[in-house]
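Asks: sequence and predicted structure below; questions after.
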Amino acid sequence: MLKDLLIISIGAIFIQNFVLVQFLGICPFLGVSKKVETATGMGLAVVFVMACASAITWAVQQILVLFNIEYLQTIAFILVIAVLVQFVEMFLQKSIPSLYNSLGIYLPLITTNCAVLGVAIVNITKFGGMDFSFLKSVVYGASAGIGFTLAIVLFAGVRERLESSDIPEFLKGMPITLITAGLLSVAFMGFSGLNF
Amino acid sequence: MEILLPVVAIGGMGLIFGAILSVAAKIFAVEKDERIPQITECLPGANCGGCGYAGCGAAAEAIVKGEAGVNCCPVGGDETTRKIAEIMGVNAQKSEKMVAYVMCVGDCYAAKDKYDINEEMDCHSANRLSGGMKDCTFGCLGFGTCVQKCKFSALSIKNGIAVVDREKCTNCGACMKECPRHIIKSVPYSLQAVVECNSQAKGKETRAVCTVGCIGCGICAKACESGAITVDNNLAIIDPSKCIGCGICAEKCPRKIIKMLNKEPEIQVARKAVKK
């Protein structure tokens, strides 16, 4: 049981990293990765939203299955995610205004972050009717969020170093950022050799 | 019947989530100064950044905090200042409407070029290419980099010179910052006379490169009854606060580069006042 959860979590963080291997949620990955501090904040917000979304969408899915209306999956999940993001936004505005300001437009954009919807849908297809699927879903969601945080914080660290390095004129700005993201992705592909 | 279930399901979810959020909104309510949205309403909403803040919303916040004055918006003019002052409960100082003015009339007929540029360039690259294609290193290059920057379409290029439409200009300052030669200046809308040249080169040099450049001879300064004209760095400058708009300088100028912006009857009235 515990072993299963550990495998799921390592799989979601490293082997099937949402950003660097599955290429989901690239928008905030590129948008909020200029500073490690804001990247960490963004990552934690995504962890929270993903974990909660996994839990709630699991419950929502049970209801949908009960009434035989699974085709409403996407719209129902988006609704759940939107509410969660709204909640996080209110919370941050109240308690950490500085983080709220630095995240700016990317915070409400978690709503349409495909990584979050991706987690919710992968949960259903992967653990649909299995034992302890609720627990597995939540662990998978939280791990996916941690994987996102890991990727974005690593990337922000690299980008901070890039700020002060001597980059050829034609690579300055977005080009070198995208190349860096590609290299980081290649590095994470190395984990795909891990087998359990 | 079939349609009812999904409607109820999604509607019910929306209702529950809505209730949760409205409770959360009460708990996490942030007290925001209600004057901020009111002031944002008054501002033009062009987000031009002419005030030095990121946009109209940021400017409104700065006004409420007291970092910016009620008249910080150069675009809105008196009407906006008055409304903001009302909200803030202070008296507005009347600010004069300012507009941008291109201090050069050395168009393709008047100013000589030292080399031809055929390609589509912008002013910055032309300026870097051995100091611009004009012999005059102070004049307008006329590639229209300022025109592109203007959000109010107040600028246009006529005969290779940028021209400001005084009615459309809001004095946001975008063109002044953009111009590599800094020849666009902010002047009062009520300006009566202006020396349309920016050349600080010596008279002889200016004469050699442009038929309409100021040579700094100082005849206008001597002729001016109200002492509004000074010659500094070979360039005559008219102080708009002292100028009465009589037009004597424009008549005396050997290069005919002082432009009178007021109408003929007004000039006659001012002329009479000078004679008395």
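Replies: Nice, I can see it.

Asks: name the residues of chain B found near chain A, please.
Replies: Neighbours of chain A within chain B, by C-beta under 8 Å from any C-beta of the partner chain: B:5-6, B:9-10, B:13-14, B:17, B:20-21, B:24-25, B:28-30. C-beta coordinates here come from the backbone N, C-alpha and C atoms, glycine included.

Asks: list the contacts for whatever residue of the stretch 151-276 of chain B ends up closest to chain A?
Replies: With C-beta to the nearest C-beta, the shortest gap between the stretch 151-276 of chain B and chain A falls at B:Pro180, namely 19.5 Å. Counting by C-beta atoms under 8 Å, 6 or more residues apart in numbering or on different chains, B:Pro180 touches B:123-124, B:127, B:141, B:145.

Asks: next, count neighbours for the closest residue to it other than its chain neighbours.
Replies: Nearest non-adjacent residue to B:Pro180, counting by C-beta to C-beta, 6 or more residues apart in numbering or on different chains: B:Asn127, 4.2 Å away. Residues lying near B:Asn127 (other C-beta atoms under 10 Å in any protein chain shown) number 20.

Asks: shaky segments in the chain?
Replies: Because you didn't say which chain, this covers chain A. A:129, A:131, A:196 (pLDDT under 70).

Asks: wait, I meant chain B there
Replies: In chain B (pLDDT under 70), the answer is B:91-95, B:118-119, B:275-276.

Asks: helices of that one, start to end?
Replies: B:4-27, B:35-42, B:56-65, B:77-88, B:123-128, B:145-149, B:174-178, B:203-209, B:219-223, B:248-252, B:264-275 (DSSP state H).

Asks: just send those back as CSV, with distance to A:Ile15 too.
Replies: Formatted as CSV, the helices of chain B follow (distance: least, C-beta to C-beta, whole Å):
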stretch, distance to A:Ile15
helix B:4-27, 34
helix B:35-42, 48
helix B:56-65, 44
helix B:77-88, 57
helix B:123-128, 50
helix B:145-149, 49
helix B:174-178, 51
helix B:203-209, 71
helix B:219-223, 81
helix B:248-252, 81
helix B:264-275, 82
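
Asks: sorry, back to before: drop anything exposed from the contacts of B:Pro180.
Replies: Neighbour counting with 16 or more other C-beta atoms under 10 Å in any protein chain shown marks B:123, B:127, B:141, B:145 as buried within these.

Asks: for the third one, grab phi and psi.
Replies: Backbone torsions for B:Leu141, taken as degrees, to the nearest 10, come to phi -90, psi -20.

Asks: tell me how far it lies from chain A.
Replies: Using C-beta to the nearest C-beta, to the nearest Å, we find B:Leu141 at a distance of 24 Å from chain A.

Asks: just the closest of the buried ones among the contacts of B:Pro180 to A:Gly41, please.
Replies: For those, the minimum distance to A:Gly41 (C-beta to C-beta) is 38.7 Å, reached by B:Thr145.

Asks: and the closest one, what is it in contact with?
Replies: B:122-124, B:178-180.

Asks: with adjacent residues omitted, what lies nearest to it?
Replies: B:Cys123 (4.0 Å).

Asks: for chain B, what are the nearby residues on chain A?
Replies: Residues of chain A lying near chain B (C-beta under 8 Å from any C-beta): A:60, A:63-64, A:67, A:69, A:72, A:75-76, A:79-80, A:83, A:86-87, A:90-91, A:93-95, A:97.

Asks: picking that back up, of all the buried ones among the contacts of B:Pro180, which comes closest to chain A?
Replies: B:Asn127 (19.1 Å).

Asks: wait, the closest one sits on B:Leu141?
Replies: Yes. In this structure B:Asn127 lies within contact range of B:Leu141 using C-beta atoms under 8 Å: 6.3 Å.

Asks: which residues are in contact with both of those two?
Replies: Residues touching both B:Asn127 and B:Leu141 by C-beta under 8 Å, 6+ apart: B:180-181.

Asks: can I see the domain layout of chain B?
Replies: Using automatic domain parsing, the domain parsing of chain B gives B:35-88, B:96-187, B:191-276.

Asks: how distant is the shortest one from the center of its chain?
Replies: Between the mean C-alpha point of domain B:35-88 and the mean C-alpha point of its chain there is a distance of 17 Å (C-alpha atoms, centre = their mean, to the nearest Å).

Asks: again, but for the second one
Replies: Remark: domain B:96-187 is offset 13 Å from the chain centroid, using C-alpha atoms, centre = their mean.

Asks: wait, what's in contact with the closest residue to B:Gly203 other than its chain neighbours?
Replies: Among residues not flanking B:Gly203 along the chain, B:Ile215 sits closest, at 3.4 Å (C-beta to C-beta, 6+ apart). Contact partners of B:Ile215, counting by C-beta under 8 Å, 6+ apart, are B:203-204, B:206-207, B:234, B:254-255.

Asks: what's the closest of these to B:Tyr109?
Replies: Set against B:Tyr109, the nearest of those by C-beta to C-beta is B:Arg255 (14.5 Å).

Asks: what is the burial count for the closest one?
Replies: Around B:Arg255 there are 20 residues (other C-beta under 10 Å).

Asks: so it makes contact with B:Gly216?
Replies: No. Look at B:Arg255 against B:Gly216 with C-beta under 8 Å: they stay out of range, at 10.3 Å.

Asks: quick check, B:Gly131 in contact with B:Thr137.
Replies: Yes. Applying C-beta under 8 Å as the test, B:Gly131 and B:Thr137 come out as touching, 5.1 Å apart.

Asks: neighbour count winner among these two?
Replies: Neighbour comparison, B:Gly131 and B:Thr137: the larger count goes to B:Thr137, with 16 against 13 (by other C-beta under 10 Å).

Asks: quick revisit: measure the residue of the stretch 151-276 of chain B closest to chain A to B:Ser125 for me?
Replies: 9 Å (C-beta to C-beta, to the nearest Å).

Asks: likewise for B:Ala154?
Replies: For B:Ala154, the distance to B:Ser125 - C-beta to C-beta - is 24 Å.

Asks: more neighbours, the two?
Replies: B:Ala154 (21 against 15).

Asks: how about the more buried one, what does it touch?
Replies: Taking C-beta under 8 Å, 6+ apart, one finds B:100, B:164-165, B:167-170 in contact with B:Ala154.

Asks: by neighbours, which of those residues wins?
Replies: Busiest of the contacts of B:Ala154 [other C-beta under 10 Å] is B:Ala100, holding 25 neighbours.

Asks: next, the contact list for that one, please.
Replies: Applying C-beta under 8 Å, 6+ apart, the residues contacting B:Ala100 are B:154-155, B:164, B:169, B:171, B:173, B:175-176, B:184-187.

Asks: and if you look at B:Cys104?
Replies: With C-beta under 8 Å, 6+ apart, B:Cys104 has these contacts: B:138-140, B:161, B:183, B:196-198.

Asks: can you tell me how far the nearest residue to it once chain neighbours are set aside is from B:Asp113?
Replies: Leaving aside its sequence neighbours, B:Cys104 sits nearest to B:Cys140 (C-beta to C-beta, 6+ apart; 4.1 Å). Distance from B:Cys140 to B:Asp113, counting by C-beta to C-beta: 13 Å.

Asks: higher neighbour count, those two?
Replies: B:Cys140 (28 against 14).

Asks: chain A versus the more buried one, what's the distance?
Replies: 29 Å.

Asks: name the SS class of the residue lying closest to A:Val19 once chain neighbours are set aside, please.
Replies: Distances taken as C-beta to C-beta, 6+ apart put A:Ala151 closest to A:Val19, at 4.2 Å, once the chain neighbours are dropped. Here A:Ala151 is recorded as helix under DSSP: H, G, I helix; E, B strand; the rest coil.
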